[in-house]
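Peer 1: build me a structure from this.
(chains A and B)
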Amino acid sequence: MDDHDSLEHLYREAGPALLAYFRHQPSLAGAAEDLLQDTFLRALRQRGRLEKAVSRRAYVFGIARHVGLDALRRVKPGSDPVDVPGVPETQPDERLEAMRAAIAALPPLHREALLLRLQQDFSYDEIAEVLQVPVGTVRSRLHHAVRQLRQTLNPSVLHEH
Amino acid sequence: MNTETLEALLADRALGALTPEVAELLDAHLARDPEAAQQAAALDATVRLARETVACAGSPLPASLPAARWREQAAVQRGHARAWELSRLAAAVLLGLSLGWTVRTDGSRPREAKSPAPSEAVRGSLAADRPGSAHGFWTLASFTESQQTRPNPDGRPMAGYHLHWESPVKMPHVEGNL
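Peer 2: The predicted structure is shown next:
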């Protein structure tokens, strides 16, 4: 499998999640496809480092994160409302709404780590690769996030159903 | 096990980040500690609900977005980068050639030192027989030559010397009678 084939395989594997990642950020949603292209162009330029990464999928997510941050800086600093991606609502669910609000209230760095864990199923090592921080920092952010969610939510919300 | 360690382990457990061996040991501990078990259940419920809330399927890649597109873009970018590199290389070669040519032509003949400014009297006599004056022009070379061949008033030849400077990286040296 040559470089292009392996990157194309990665594109098929991680592309849908990356596209969703961009589409769930209101300021980036309109340019999601272009940002995905930019992500893979950058990945193509960084093939050497990509091959050495702990996880290629995590590495390409790290690139996507930078592409997204660059695009957000170009749009308008601080104008992006917090959007917690999730299942499209067919009927309002009080529990999910409460949790969505609680997640939106998390500090951005904690929320980011939590979403990478719960949505993308990244391991702590992979999250560290995406965020370019030590694994201990990832662990600490996740613990804070979980603790804060638990404190914020009414116990009755958690035990319904 | 202190409270802090236990809380950290419970959070890792809820997030599904414990190895099976550690998870098994922790479960054994929780079986003996109802309070910790209750705490673990609350964390599990929190993370389960959070997972349910944020769960979303990836967006399917649209047909208009084939992998070939960024590969083509990459090829175009590589072409531009190569053209830019080639043009820089060509510029460097041209610059090198022109510098080499300049050094070679300058270095092939010894540099001539400027003679000291002639006195008023000499300048007057020079004006009469200035080389090339018929055409209204003169050159440094012809001027120096005329200076070197001009005899002194006492009959001795005038000091004739020139500065020999082969290249900018070597010390110049003076040749001739000082």
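
Peer 1: so where's chain B shaky on pLDDT?
Peer 2: Within chain B, the stretches with pLDDT under 70 are B:56-71, B:73-74, B:106-140, B:142-161, B:176-178.

Peer 1: so where do the helices sit in chain B?
Peer 2: With DSSP state H as the criterion, chain B has helices at B:3-14, B:20-32, B:34-54, B:67-108, B:120-128, B:140-149.

Peer 1: dump those to TSV, plus mean neighbour count.
Peer 2: Placement of C-beta: from N, CA and C, glycine included. Compiled in TSV, these are given as follows (neighbours: other C-beta atoms under 10 Å in any protein chain shown):
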stretch	mean neighbour count
helix B:3-14	17
helix B:20-32	12
helix B:34-54	18
helix B:67-108	12
helix B:120-128	11
helix B:140-149	14
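
Peer 1: redo those as a markdown table? Include distance to A:L115.
Peer 2: Compiled in a markdown table, these are given as follows (distance: least, C-beta to C-beta, whole Å):
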| stretch | distance to A:L115 |
| --- | --- |
| helix B:3-14 | 16 |
| helix B:20-32 | 23 |
| helix B:34-54 | 6 |
| helix B:67-108 | 25 |
| helix B:120-128 | 89 |
| helix B:140-149 | 79 |
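
Peer 1: looking at these, which is nearest to A:Q25?
Peer 2: Proximity to A:Q25 (C-beta to C-beta) singles out helix B:34-54 among the helices of chain B, at 13.7 Å.

Peer 1: now for the closest one, which elements pack on it?
Peer 2: Contact here means 3 or more C-beta pairs under 8 Å, 6 or more residues apart in numbering or on different chains; DSSP states H and E; on that basis helix B:34-54 packs against helix A:94-104, helix A:108-118, helix A:135-152, helix A:155-159, helix B:3-14, helix B:20-32.

Peer 1: report the angle between it and helix B:3-14.
Peer 2: Orientation check (axes from the mean of the first three to the mean of the last three C-alpha atoms, to 10 degrees): helix B:34-54 against helix B:3-14 gives 40 degrees.

Peer 1: what are the phi and psi values for the residue in chain A that chain B sits nearest to?
Peer 2: Closest residue of chain A to chain B, C-beta to the nearest C-beta: A:P16 (3.0 Å). The phi and psi torsions at A:P16 (degrees, to the nearest 10) take the values phi -60, psi -40.

Peer 1: any idea how far it lies from B:S98?
Peer 2: 56 Å (C-beta to C-beta, to the nearest Å).
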